[in-house]
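1. Task: produce atomic coordinates for the following.
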Amino acid sequence: ATVSRVGMIFCEVRNLGWRPVRNMWLQHTLPAFFAAQSGLISDMCEWLLPACTYFVDKNCKVPSPVTAQEHVFSLLRLLACLLRLAESGGCASDKDKVTEGCFIQALVWSVGACVDAPGRVKFTDYLSKVLRGEASDVPEYKDFLAKNPEYPQAFVSRKALMTPPTEGLLHDFTFDAKAG
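-> Numbers count the residues shown, from 1 in each chain. Next comes the predicted model:
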């Protein structure tokens, strides 16, 4: 960080990280209908964002470079749209499942969409294993854990509330908020 003569603090984007972006979004942009799910959204960001952005950066070809903050901005903009659509179109009674489904769809179409076609196949396989709690033996996930010792161990075996599809790419599916 640099401090100017008038006391302004300038901080490089890479030093700021993605968490302040998420926190501001939760405070100011999260649709009120889903306010009770803010903790779940924050937790899902902590669980899935680091593992997925690391995987994309290290194991996929990204035709146009994307920073961690840009991934988060894309994810949260899309999540806001999906949550508002779920609210206006009606959603299942289990708001946690609806929130998680919308979050995963937004993750696939933000972090998982910036890669080339072979990367989408890899991303689908990787994210599906993470969502099923089966990633602990995946070499790329082991590498992520080795490089990120602060990553909570509780996330390693965590499972999503809904099982991801086993056929096709995650990019080929859409989440139906009414059905949950």
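2. excluding its backbone neighbours, what's nearest C102?
-> Once flanking residues are discounted, C102 sits nearest to L82: 4.0 Å by CB to CB, 6 or more residues apart in numbering. (C-beta placed from N, C-alpha, C; glycine too.)
3. tell me which element H71 is part of?
-> Per DSSP states H and E: H71 is located in helix 68-89.
4. Against which helices or strands is that helix packed?
-> The helices and strands touching helix 68-89, judged by 3 or more CB pairs under 8 Å, 6 or more residues apart in numbering; DSSP states H and E, are helix 19-28, helix 38-59, helix 95-108.
5. Might one say that K122 is in contact with K58?
-> No - assessed by CB atoms under 8 Å, K122 is found out of contact with K58, at 10.8 Å.
6. More neighbours: those two, which one.
-> Remark: of K122 and K58, K122 carries more neighbours, 18 against 11, as counted by other CB atoms under 10 Å.
7. and the gap between the more buried one and D116?
-> Distance of K122 to D116, computed by CB to CB, to the nearest Å: 10 Å.
8. Quick check: neighbours shared by those two?
-> The contact sets of K122 and D116 overlap at C60 (CB atoms under 8 Å, 6 or more residues apart in numbering).
9. Tell me which residues touch the residue lying closest to L85 once chain neighbours are set aside, please.
-> Excluding the flanking residues, the one nearest L85 by CB to CB, 6+ apart is A177, at 7.1 Å. Residues in contact with A177 (CB under 8 Å, 6+ apart) are 82, 85-86, 89-92, 98, 101-102.
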